[in-house]
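Novice: Below is the sequence, then the predicted model.
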Amino acid sequence: MENKIVASTSDRLDKVLENALPQMSRSYIQKLIKEGFVSVNGNVIEKPSHKVKEGDSIEVREKPPEVLNVEKEDKPLKVVYEDKYLLIIDKEAGVTVHPVGKKTTGTLVNRLLYHVEELSQIGGVIRPGIVHRLDRDTSGLMVVAKEDTAHRALSEMLKKHEIKRRYICLVKGTFKERTGTINLPLKREQGTTKMRVSVMGKEAITHFKVLEAIGPYTLLQVELETGRTHQIRVHMAHIGHPLVGDTVYGKRDKNINLERQFLHSYEISFIHPIIGKELRFVSQLPNDLKEVLFDIREKWKKK
């Protein structure tokens, strides 16, 4: 499909297209530009920041559907909600969301392909339907798009913070305050998969609320205002409260028997982008996290 537009104002190319094509998200438009699907006055432009003038002729070609080459896998998939546009998944810990590098099996996408007939194609051949991610060892709720219109709308809602995502985590240390906000930019460490706080990074905002103090640990409810990679783990470690079980941004706690970070996406809520219905879902803590809480409450309960 091709869209022909005459620029109504002088501005960045991606901004002009965002105003002219409201059905497309800005990130999707930028992707089309970078991949050579946009031309201005007959010349292919690959820079989203390219300046266009009022009256310029712009052509936008949409990417043809790609052939999926990721295998379907008949493994368990916990679906807590599904309609013709989207579904809500309760992901188990230990499952990577989508294929990365040489790892093309055993992911959530492999399971989705088996269980769901249609998935949006905006994410490409290795990320069909994936609107946002959870870390491999983080459990809980995430939204998946079944068709492209819903996917674009959900991506925009994430950018505008219109999808509320709340997590439960157990961290080391105690807090004087009951609530707090961490507003520190995050940047990827060069040549690694780790993130760190950096003034050169992207905006990252995390809100937290103390739910329970348990001896030298604190159970927190965390709400994301942004959704950077490893955001909760890096922010909490940076303020001196690494997540229990997180050996990437903290150290193994010999007193706790847990093979992953104590982090669970327990609540997600938003207005359905197509049918306008208010959706809210809650996921109970999985057994491994419940057992940790039971053990430390027993150990540190007041006598």
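Specialist: Done, it's in.
Novice: end-to-end on stretch 211-227?
Specialist: End-to-end span of stretch 211-227 (Cα to Cα, to the nearest Å): 22 Å.
Novice: Mind listing residues that contact that stretch?
Specialist: For stretch 211-227, contacts defined as Cβ atoms under 8 Å, 6 or more residues apart in numbering pick out 132, 158, 161, 164-175, 202-210, 231-232, 236, 241, 244, 293, 296-297, 299-300. Bear in mind the C-beta positions are built from the backbone N, C-alpha and C, glycine included.
Novice: And for stretch 268-284?
Specialist: For stretch 268-284, contacts defined as Cβ under 8 Å, 6+ apart pick out 80-81, 83, 85-86, 88, 90, 139-143, 149-150, 153-154, 157, 162-166, 264-267.
Novice: taking these one by one, which sit in helices?
Specialist: Per DSSP state H, helices hold the following members of these: 149, 150, 153, 154, 157.
Novice: Using TSV, lay out these together with pLDDT and neighbour count.
Specialist: Listed next are the ones in helices among the contacts of stretch 268-284 as TSV, based on pLDDT from 0 to 100; neighbours: other Cβ atoms under 10 Å:
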residue	pLDDT	neighbour count
149	88	14
150	91	24
153	89	20
154	91	26
157	89	17
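Novice: Which one of the residues you listed is nearest to residue 118?
Specialist: residue 150 (10.8 Å; Cβ to Cβ).
Novice: Please determine how far the closest one is located from residue 85.
Specialist: Remark: distance between residue 150 and residue 85 (Cβ to Cβ, to the nearest Å) = 4 Å.
Novice: sorry, back to before: okay, and which of the contacts of stretch 268-284 map to strands?
Specialist: Within the contacts of stretch 268-284, residues falling in strands by DSSP state E are 80-81, 86, 88, 90, 139-143, 164-166, 264-267.
Novice: Of the residues you listed, keep whichever come out buried.
Specialist: 81, 86, 88, 90, 139-143, 165-166, 264-267 (16 or more other Cβ atoms under 10 Å).
Novice: tell me the two of these that are most distant?
Specialist: Distance extremes for those: the farthest pair is 86 and 264 at 21.2 Å, using Cβ to Cβ.
Novice: List phi and psi for residue 220.
Specialist: phi -120, psi 150 (degrees, to the nearest 10).
Novice: Same question for residue 231.
Specialist: Per-residue torsions, residue 231: phi -60, psi -50 (degrees, to the nearest 10).
Novice: Residue 184 is in contact with that one, correct?
Specialist: No: look at residue 231 against residue 184 with Cβ atoms under 8 Å: they stay out of range, at 9.7 Å.
Novice: Take the contacts of stretch 211-227 and keep only those in strands.
Specialist: 164-172, 205-210.
Novice: For residue 229, give me its contacts.
Specialist: Neighbours of residue 229 in contact, by Cβ under 8 Å, 6+ apart: 133, 186, 188, 195.
Novice: so it, which of the three states?
Specialist: The three-state label given to residue 229 by DSSP: H, G, I helix; E, B strand; the rest coil is coil.
Novice: Please report how far it lies from residue 193.
Specialist: Residue 229 is 8 Å from residue 193, by Cβ to Cβ.
Novice: do the same with residue 214
Specialist: 31 Å.
Novice: And the two? Which one has more around it.
Specialist: Using other Cβ atoms under 10 Å as the criterion, residue 214 and residue 193 rank with residue 214 on top: 17 against 10.
Novice: Please determine how far that one is located from residue 237.
Specialist: Residue 214 is 19 Å from residue 237, by Cβ to Cβ.
Novice: swap in residue 167?
Specialist: 15 Å.
Novice: Between those two, tell me which one has more neighbours.
Specialist: Neighbours per residue, other Cβ under 10 Å: of residue 167 and residue 237, the larger number sits with residue 167, 23 against 20.
Novice: Kind regards, and thank you for your time.
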